[in-house]
Structure formats: C-alpha cells, structure tokens
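> Can you look at this prediction? I've put the sequence above it.
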Amino acid sequence: MAPEDFDGDPTLLTARVPAAEASRLDLLVAQALKDGRSSYGAFFRMRSPGGDLRWTHTQGAILRHVDGRPFRIVGILRDATEELSESTERLTLDAERSLHTDVVDATTAGLAHARTVGEVLDALGSSRGLEQLGVISVVVGLVREGRMELHGEGELSGVLPMNRRRVEEPLPLPEAVRTLTPRYIVSREEFGRLYPTLWPWAKELGWSAAAFLPLIAQGEALGAIGLVYRDKSSFPSEERTLLTALTSSIAQSLQRARLFEQEHELAEGLQRAMLPHSLPSIPGVHAEVRYRSAEQGRDIGGDWYDVIPLPGGKVAAVVGDVQGHDTDAAAVMGQLRIVLRAYAAEGHSAPTVMARASAFLHDLESDRFATCLYVEADPTTGWLRIVRAGHPVPLLRRGDGGCRAFPVMGGLPLGLSTQFDQPKYPVTTMELEPGETLVLYTDGLVEQPGGDLDQGIEALADAVRTGPSEIAKLADRLCEVPEAWGGTDDLALVLLHREQTAGTPPARRLHQHVAPRDPASLASVRDMVHAAARTWGADGRADDLSLVADEMVTNALLHAGDGAVVTVHPVAGPEGRIRVEVTDSSSAEPQVVHPADSSVSGRGLLLVDHLADAWGVEARGTGKSVWCEFLPGES
C-alpha cells in the first residue's frame with residue numbers, strides 16, 4: 001500500500017485481514033495485555049489489493065505506567081512472504097510425507113490380519129488408508145484359470161458386473177495384467193477415448209481420474225487393482241511411487257491369502273478323506289454326524305467320528321481326538337479309526353475294543369495319545385454300553401427337551417492306559433428311551449481358548465435345550481456354537497436319537513458277541529444279563545441268570561473256534577419268562593455228565609439244569625443254540 005493511499009483510518013487495514021486471522025490476533029494482544037507482558041509477535045495472513053493472501057508479521061511493544069497498567073502500543077507490520085516461502089514448502093512436503101506414512105500404516109495394518117482373499121478385499125475397503133488419498137472406489141481383478149474375477153468396493157460394489165472377464169479384453173485391469181505396467185488416466189475425455197465400454201460407469205459416477213496397477217508377487221501377476229478418484233487431474237511422481245509400494249504390499253497379502261486357502265483346502269480334504277463317507281442304516285435309531293475343520297491353514301487336528309455296524313444287529317458310535325494339530329495327528333487318527341472299527345466289527349466288547357485300541361496306539365510309538373468315547377447301542381431295546389477314555393462326558397436330551405451331562409465312568413486316554421499299565425476300562429450301562437438323544441462331541445465344540453471346560457459343556461447343553469427338535473437341524477445348530485471362538489480347533493459331533501417308533505419291551509432283545517480267546521468279555525455278558533433281569537422284573541433271578549449265562553458262554557468258547565453270540569429277551573406270555581440263548585458254530589451237542597467228586601470240570605450243564613426252569617439245545621444250519629428260561633421271582 002502506498003503511503004498516499006492510507007488516510008490514517010485503521011479500519012482500512014483491518015478490512016484486509018480475514019476474520020479468522022483477526023480473531024486470533026485480537027486474542028493474542030488481549031492475552032499479552034492481561035499477562036503483563038511488554039511485547040508480542042505473530043505471523044498472520046492479509047489480502048493484497050489483488051485479493052491474494054500474503055504472509056505478514058506484526059510485532060508490538062506494550063507501554064505501561066508505573067503501576068503496570070498499559071496505556072499505549074507501538075508496533076510495526078512487515079511483509080513476510082519471502083521469509084516464510086521456504087518454510088511453507090518444507091511444511092507442505094512434511095505434510096505430504098506424513099499423509100503418505102498414514103496411508104501406508106493404515107493399509108498395511110488392515111492387511112496384517114487378513115488370512116483369506118475375501119478378508120484382504122474387505123481390509124482394502126475398511127482400512128480407510130486409500131480413502132485418505134482421495135480414492136472413492138476400489139476394484140480388484142484376480143486372475144484364475146485365464147479369466148479375471150472382479151471384486152468392487154465403495155461405489156463400485158453395487159454397479160460393477162461381477163462376472164468373470166477374459167484377460168484379453170480391452171479393459172484397463174486386464175491390460176495392466178498383460179503388460180505388467182501401471183496405467184494412469186487423468187481426465188474424463190481419456191476415459192471415453194481409451195475405454196468406451198467403461199465410460200458409461202465413469203460418467204455416471206463422476207470419475208475424473210483413475211490408476212490401474214498390476215498386482216505382482218514373486219514375478220507372477222495375481223491380478224490388478226483399480227483406484228478411482230473424483231476431482232483429481234494428475235498423479236505426481238511421489239504419489240505414483242507410493243501407489244506402486246502399496247500395490248506390492250497388497251499383492252504379497254493376496255499371495256499369502258491364496259496360499260493359506262490352498263493349504264487349508266488341502267488339509268481339510270485330507271482330514272475328510274479319512275472320515276467315513278456314509279452311515280449304516282439303523283432301524284429305530286437316527287444318527288447324525290458332523291465334522292468341521294479348524295481355520296488354521298495347513299494345521300489340522302485329529303478329531304474323528306464313526307458309526308460302526310456290529311454283529312447281532314447292534315451299532316457303535318465313536319468320537320475321538322488325537323493329541324496335536326498337524327498332519328501327524330491326522331495320520332494317527334486315520335490309523336486309529338480303522339483299527340478301532342476292525343476291533344468293533346469283530347464283535348469284541350466295548351472295554352476290549354478300547355483296551356486293544358490303546359495298545360495299538362502305544363505300539364505305534366508316535367508319542368501321541370487320544371481321547372475317545374465309545375457307545376455300543378442295541379437299536380431294538382435302546383440299551384447302551386458306554387466306555388470313556390479321557391474324553392468329555394456325553395449329553396443326554398430327554399424327550400421333553402431337557403438336557404444334562406450324563407455321568408460316565410472313565411479311564412485314561414488311549415495310549416496312556418497301556419503306558420501306565422491300566423488297560424481296563426469301566427462300562428456304564430443305560431437305556432436310551434424313545435424320543436431321547438445322546439450327544440457325543442469333541443472338545444472343539446466346548447473348549448474356548450482360555451475358558452473353562454465345564455462352562456463350555458453347560459453352554460452346549462443350553463444350546464441343545466433351545467435347539468430344534470429335528471435331529472439334523474440340531475446338529476447344524478450345535479456346530480455354530482463355537483464360531484465366536486475363532487474356529488481354533490476342529491470338532492466332531494455324533495447325535496444318536498432313538499425314534500418314537502422303537503420296539504416295545506415285549507419285543508426287546510439284547511445281544512452280545514463274545515470273541516474267541518476273549519474271556520474278559522464274560523464280564524460284559526454278566527453286566528448285560530443283570531441289567532436285563534432288573535429291567536424285566538426278575539431282580540430275584542439276576543444272579544442265577546448271570547451264572548448260567550457265564551457257564552454257557554464258557555462252554556461255547558471251549559468248543560467253538562469263532563466265538564459265540566449271547567441273546568437275552570423276554571418270552572411273550574403271562575408268566576414273564578426270560579430266555580438266554582448262546583449260539584455258536586459248533587454242531588457238537590452238549591451232554592449232561594456226572595463227573596467224579598475229585599473232578600474240577602464238567603459241571604457246567606449240571607448247574608444250568610439245576611438253576612434254569614427249562615433249557616434245551618436247538619440245531620442251527622451253521623451250528624447250534626443252547627437256551628434256558630427263567631421264571632421271575634426268587635431263586
């Protein structure tokens with residue numbers, strides 16, 4: 001301002017100061033007066049006559065009376081444009097660098113925890129890193145089998161055609177993949193001229209610029225990424241360098257995610273290949289099985305399930321878990337499942353099956369142990385024989401919907417019981433009533449990392465109580481329970497539901513196969529006969545039935561080479577007789593003999609003849625059946 005243009009009125013100057021700057025200056029001077037200071041100084045902006053903002057500097061001296069009261073300000077005002085130009089450029093550069101750092105930090109932080117391709121794409125849309133550069137939409141094209149799958153974020157997610165495109169098409173993303181070179185578009189006219197098929201979307205959404213960059217990892221083009229802008233007309237070299245670095249980080253994340261998905265798919269396929277592909281038909285019992293793998297890349301667990309048809313029309317349900325989460329655990333699981341199935345199919349009793357499986361696992365010398373729950377079920381009668389090896393107890397859902405943990409006696413895990421010379425497993429016997437469901441599961445369904453196992457079992461019981469009555473839907477619902485826990489462990493689930501149409505008591509038959517050279521199974525026979533006597537109102541004859549059955553089975557094992565089958569059932573009629581049959585493959589008919597007083601054997605049939613109310617021998621096409629009947633009441 002020339003001196004002659006100033007008439008001495010301060011308002012002529014204050015009109016040149018923007019309101020925000022004027023308020024800041026007034027506050028500065030007022031604070032200096034109040035604090036008793038003798039001077040102040042500040043940079044601020046003023047408008048030149050042409051309207052441009054220019055930096056200026058004011059400095060003032062505050063004159064005060066002896067008592068400190070201010071009475072005058074003497075100051076100067078000077079142009080500070082050149083003084084601040086270098087500092088302003090430096091501040092601008094620092095601000096741009098800070099912005100670039102923020103963008104890189106926000107984007108890489110979002111990608112750090114992304115494990116799958118879907119999570120990488122979600123991270124790009126939610127990290128807000130690219131948004132700080134003015135990006136309004138992101139589109140990613142991934143190359144799979146010679147075609148490109150398009151995934152849009154932002155405004156593009158609702159309008160972009162998500163079908164697969166050929167890599168040879170004249171579009172910017174395929175072009176970036178083919179040439180491995182970024183393509184920057186800085187005007188709407190360039191959009192329309194280079195990519196006329198893309199122009200309608202660009203025009204509708206108001207695009208002004210875009211960057212299309214290849215996603216390259218280890219020399220391979222995984223795809224390309226498109227960044228769309230509004231109100232942008234250039235890509236400075238610093239920004240291009242930043243985008244190249246970001247796309248390299250995105251490509252590495254995508255490659256890692258693809259590898260994760262491939263490894264997880266391979267591991268899950270291996271695990272599922274070792275599980276049974278179909279279930280046997282079980283009249284009167286509905287079985288549902290489920291398996292869900294852990295979400296841990298190639299790390300897989302040793303959880304398994306099985307439903308095994310047994311001799312005599314029975315069936316066995318199994319769930320188990322081999323220690324560890326690796327391919328070795330899965331391999332041990334596959335061997336153990338096959339061996340356990342073989343022992344069960346041979347007709348061994350439940351404790352014998354578990355003891356032999358434990359010995360097998362110990363002999364593998366794999367340093368692995370396994371927990372297991374084995375349930376032998378008679379579909380006709382509903383009788384269950386349960387053996388537990390270090391495994392969580394099953395749940396029982398009653399017909400009215402109530403659910404509770406069912407107490408089952410337990411032994412050491414498979415492998416450890418043999419190692420510590422405790423091979424015997426106790427048996428828990430129960431009857432599954434029509435309408436009831438037994439829930440067998442592995443710890444992946446109830447054990448939250450860092451949580452309490454008992455609380456997890458109770459949570460599962462609550463889910464069973466409130467779950468659907470239909471058994472298949474209930475199985476699906478239960479597998480959803482641990483989703484909030486991150487899927488850190490695989491799980492196996494077996495539901496055994498006794499249908500309402502199951503057999504009535506008069507038609508009940510209990511069967512027990514006794515393998516050759518397996519005297520331990522005699523204890524299982526005695527348990528079965530005792531339980532049957534109590535259930536069918538013959539408590540007073542339970543010991544007689546048990547003793548006679550023991551003698552008949554022992555005789556069959558001595559004279560038959562391939563074991564025997566014991567059957568216990570009530571005889572229709574008003575007397576309520578109970579019949580015990582022992583069938584074997586030997587055609588030799590047993591004879592009642594009268595041994596000498598000094599003889600220590602040969603009295604088996606004498607005992608049968610003395611205790612039973614009736615007995616006899618029936619010839620079968622492949623052997624014979626020795627039977628005896630007992631009236632209820634006292635012996």
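Now that the structure is in, tell me what you want to look at.

> What about the residue nearest to Trp615 when sequence neighbours are not counted, how many residues nearby?
Excluding the flanking residues, the one nearest Trp615 by C-beta to C-beta, 6 or more residues apart in numbering is Cys628, at 3.8 Å. Where you see a C-beta, it was placed from the backbone N, CA and C, and this is true even at glycine. Neighbour count for Cys628, taken as other C-beta atoms under 10 Å: 23.

> go on, Ala221?
Neighbours around Ala221, by other C-beta under 10 Å: 17.

> Doesn't it lie inside a helix?
No. Counting by DSSP: H, G, I helix; E, B strand; the rest coil, Ala221 is not part of a helix but strand.

> Contact partners for the closest residue to it other than its chain neighbours?
Distance criterion C-beta to C-beta, 6+ apart; nearest residue to Ala221, sequence neighbours excluded, is Val177 at 4.8 Å. Residues near Val177 by C-beta atoms under 8 Å, 6 or more residues apart in numbering: Gly141, Val143, Met148, Val167, Pro214, Ala221, Gly223, Ala224.

> which SS state does the third one fall under?
Read that as Met148. Met148 is classified as strand under three-state DSSP.

> rewinding a little: partner residues bridging the residue nearest to Trp615?
Using DSSP bridges, the bridge partners assigned to Cys628 are Val580, Trp615.

> Just the CA atoms of stretch 312-321, as PDB, please.
The C-alpha trace of stretch 312-321 is given here as PDB (Å, rounded to 0.1, in the frame of the first residue of the first chain):
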ATOM      1  CA  GLY A 312     -26.200-109.200  16.300                       C
ATOM      2  CA  GLY A 313     -27.800-106.100  14.800                       C
ATOM      3  CA  LYS A 314     -26.100-103.700  17.200                       C
ATOM      4  CA  VAL A 315     -24.200-100.500  16.300                       C
ATOM      5  CA  ALA A 316     -21.300 -98.500  17.800                       C
ATOM      6  CA  ALA A 317     -20.900 -94.700  17.700                       C
ATOM      7  CA  VAL A 318     -17.500 -93.200  18.300                       C
ATOM      8  CA  VAL A 319     -16.000 -89.800  18.700                       C
ATOM      9  CA  GLY A 320     -12.300 -89.200  19.400                       C
ATOM     10  CA  ASP A 321      -9.500 -86.700  19.300                       C
END
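
> buried residues in it?
Gly312, Lys314, Val315, Ala316, Ala317, Val318, Val319, Gly320, Asp321 (16 or more other C-beta atoms under 10 Å).

> circling back: I'd say the residue nearest to Trp615 and Val580 touch.
Yes. Counting by C-beta atoms under 8 Å, Val580 is a contact partner of Cys628 at 5.5 Å.

> who touches both of the two?
Common neighbours of Cys628 and Val580 (C-beta under 8 Å, 6+ apart) are Val548, Met552.

> which residue ranges form the helices in the stretch 1-150 of the chain?
11-14, 19-35, 81-112, 117-126 (DSSP state H, counting those that start in this stretch).

> which of the ones you listed has the lowest average pLDDT?
Ranked by mean pLDDT, the helices of the stretch 1-150 of the chain bottom out at helix 81-112, which scores a mean of 62.

> and Arg517, what is it in contact with?
Neighbouring residues of Arg517 by C-beta under 8 Å, 6+ apart: Leu557.

> Distance check, it against Leu557.
8 Å (C-beta to C-beta, to the nearest Å).

> which SS state does the closest residue to Arg115 other than its chain neighbours fall under?
Spatial nearest neighbour of Arg115, chain neighbours left out: Phe260 (5.2 Å); criterion: C-beta to C-beta, 6+ apart. For Phe260, the assignment made with three-state DSSP gives helix.

> Does Phe260 touch Thr116 like I think?
Yes. Judged on C-beta under 8 Å, Phe260 makes contact with Thr116 at a distance of 6.5 Å.

> Provide the secondary structure category for Pro174.
Three-state call for Pro174 (three-state DSSP): helix.

> contacting residues around it?
Gly141, Met148, Arg165, Arg166, Val167, Glu168, Ala224.

> now with 10 Å?
The contact partners of Pro174, by C-beta atoms under 10 Å, 6 or more residues apart in numbering, come to Gly141, Val143, Arg147, Met148, Arg165, Arg166, Val167, Glu168, Phe212, Gly223, Ala224.

> Quick check: which helices or strands does the helix or strand that contains Leu607 pack against?
Element membership for Leu607 (DSSP states H and E) is helix 604-611. Using 3 or more C-beta pairs under 10 Å, 6 or more residues apart in numbering; DSSP states H and E, the elements in contact with helix 604-611 are helix 542-559, strand 614-620, strand 623-630.

> Report the inter-axis angle for the helix or strand immediately after the first one in the chain versus strand 623-630.
Translated: helix 542-559. Following helix 542-559 in sequence order, the next helix or strand is strand 564-570 (DSSP H and E). Going by axes from the mean of the first three to the mean of the last three C-alpha atoms, to 10 degrees, strand 564-570 is angled at 30 degrees with respect to strand 623-630.

> ok, back up a step: mind checking which of the contacts of Val177 are buried?
Here, 16+ other C-beta under 10 Å leaves Gly141, Val143, Met148, Val167, Pro214, Ala221, Gly223, Ala224 buried among these.

> isn't the fourth one right next to Leu142, touching?
No. Between Val167 and Leu142 there is no contact, the gap being 11.0 Å when judged by C-beta atoms under 10 Å.

> Just list the residues touching Cys479, thanks.
Arg290, Tyr291, Arg292, Tyr441, Gly444, Leu445, Leu491, Leu493.

> ok, so what distance separates the third one from Pro3?
When distance is defined by C-beta to C-beta, Arg292 is 87 Å away from Pro3.

> for the second one, same thing?
Using C-beta to C-beta, one gets 93 Å for the distance from Tyr291 to Pro3.

> Between the two, which is the more surrounded one?
Ranked by neighbour count (other C-beta under 10 Å), Tyr291 and Pro3 place Tyr291 first, with 21 against 5.

> that's a strand at that one, yeah?
Yes. Assessed by three-state DSSP, Tyr291 belongs to a strand.

> hmm, back to that, identify the contacts common to Val167 and Leu142.
With C-beta under 10 Å, 6+ apart as the test, Val167 and Leu142 both reach Met148, Leu173, Val177, Gly223, Ala224.

> Please identify which of these is nearest to Arg64.
Ala224 (70.5 Å; C-beta to C-beta).

> and the closest one, what is it in contact with?
139-143, 148, 167, 171-180, 182-183, 212-216, 247, 251 are the contacts of Ala224 under C-beta under 10 Å, 6+ apart.

> Can you say which of those are buried?
By 16+ other C-beta under 10 Å, the contacts of Ala224 give 139-143, 148, 167, 171-177, 182-183, 212-216, 247, 251 as buried.

> Tell me which of those residues fall in strands.
If you go by DSSP state E, the buried ones among the contacts of Ala224 have Val139, Val140, Gly141, Leu142, Val143, Met148, Arg183, Phe212, Leu213, Pro214, Leu215, Ile216 in strands.

> Looking at those residues, which is nearest Gly435?
Leu142 (51.2 Å).

> So Leu275 belongs to a helix, correct?
No. Using three-state DSSP, the assignment for Leu275 is coil, not a helix.

> just checking, it touches Gly302?
No. Assessed by C-beta under 10 Å, Leu275 is found out of contact with Gly302, at 11.4 Å.

> neighbour count winner among the two?
Under the criterion of other C-beta under 10 Å, the comparison of Leu275 against Gly302 puts Gly302 first, with 29 against 16.

> Relative to Leu33, how far out is that one?
From Gly302 to Leu33 the distance is 81 Å (C-beta to C-beta).

> returning to that earlier point: and which of the contacts of Cys479 is nearest to Arg240?
Among these, and counting by C-beta to C-beta, the member closest to Arg240 is Arg292, at 45.8 Å.

> Number of residues surrounding that closest one?
So Arg292, with other C-beta under 10 Å, has 19 neighbours.

> what's the answer for Arg78, then?
So Arg78, with other C-beta under 10 Å, has 9 neighbours.
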